[in-house]
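Undergrad: I would like the atomic coordinates for the input below:
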Amino acid sequence: MSDLLAEPAPLTPVFLLVGQSNMLGTTCLEEQASDPGRNTADKHVEFAWSNVHALNTEYPPRLYGNSNNEFRTLHAQQGEGADRTFWGPEFAFARAMHVAGWRRLTLIKVSRGGGGNTYWSRRAFCEAPAQGHMWGHLLDVLRGCLDALVEQRVRFRVCGLLYLQGESNSDAEAAAAGPRLNAFIDDLHAWLEARYAGASDGMHAVIGEIAASQSDPRRAKTARQHFALATHRDDASFVGTRDLALKSDGIHFGKDAKLEIGRRFARAYLLARDRL
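TA: A predicted model of the protein is given here:
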């Protein structure tokens, strides 16, 4: 009888972090060892990740590293070559949310080291899995991670999608950046609802501005379309990045910028939530 009268377990908030090299978070070309530092909030985060190699052209993809669909504490991920580790906006996002009163978070990060937005297209994946391998890989990771929560009887809600586009769009991809991202959000929501009914109710997307958007016509077009998309969707917000310093390669954000982007993601999400 006590079990029947017990209050249901509180919903676990889940946030998805997806995108390319600046979501992955490079650590090369830094004057000092790039480290996100330590924060007491980090131990309150359940974190799973799967980072796809920049040279991958296959499905299932070649990885830099992953957590094998297991949730662990928040920490930098496996690196390669000059990038001793990878870490992105996830750290400052989680810390800012903790300060705002969110005492437990579940983050799932699926990123890729470069490439255009075709890789994330459901349509491209259906036509040729290798061509749209990030869509297929994202769903594989979500199945593994979210099914594990279901098996553990954890009640969860996918509250947010944090998206940071890569800079390697072709002319055709830049022209389709808005419609592609619009379809991605809708397709992801539909897939989540079909598999975990009600789990993505109220999911809000926060779109980060592509790095160096003012330096190249394709990047500028991508940023304009993403801004317009966020303006016309009630469930999306846009955060700028063009004021943030880039590393010497002119395309990747360093430690301070990555931390600031994470804070901006949190502020944008919390502001949108307050408006509901």
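Undergrad: then the strand or helix carrying residue 147 to PDB, C-alphas only?
TA: Remark: residue 147 resides in helix 133-151, with elements defined by DSSP states H and E. Taking only C-alpha atoms (Å, rounded to 0.1, in the frame of the first residue of the first chain), the coordinates of helix 133-151 have been written out as PDB:
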ATOM      1  CA  HIS A 133      25.600   9.100 -40.600                       C
ATOM      2  CA  MET A 134      25.300  11.600 -37.800                       C
ATOM      3  CA  TRP A 135      21.500  11.300 -37.800                       C
ATOM      4  CA  GLY A 136      21.700   7.500 -37.600                       C
ATOM      5  CA  HIS A 137      24.400   7.700 -34.900                       C
ATOM      6  CA  LEU A 138      22.500  10.200 -32.800                       C
ATOM      7  CA  LEU A 139      19.500   7.900 -32.700                       C
ATOM      8  CA  ASP A 140      21.700   4.900 -31.800                       C
ATOM      9  CA  VAL A 141      23.200   6.800 -28.900                       C
ATOM     10  CA  LEU A 142      19.800   8.100 -27.700                       C
ATOM     11  CA  ARG A 143      18.400   4.500 -27.900                       C
ATOM     12  CA  GLY A 144      21.200   3.200 -25.800                       C
ATOM     13  CA  CYS A 145      21.200   6.000 -23.200                       C
ATOM     14  CA  LEU A 146      17.400   6.600 -22.900                       C
ATOM     15  CA  ASP A 147      16.500   2.900 -23.000                       C
ATOM     16  CA  ALA A 148      18.900   2.500 -20.000                       C
ATOM     17  CA  LEU A 149      16.900   5.200 -18.100                       C
ATOM     18  CA  VAL A 150      13.700   3.400 -18.900                       C
ATOM     19  CA  GLU A 151      15.100   0.100 -17.700                       C
END
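Undergrad: how many neighbours does the closest residue to residue 226 other than its chain neighbours have?
TA: Distances taken as CB to CB, 6 or more residues apart in numbering put residue 207 closest to residue 226, at 4.9 Å, once the chain neighbours are dropped. Just so you know, the C-beta spots here come from the backbone N, C-alpha and C atoms, and that holds for glycine as well. Applying other CB atoms under 10 Å, we find 26 other residues in the vicinity of residue 207.
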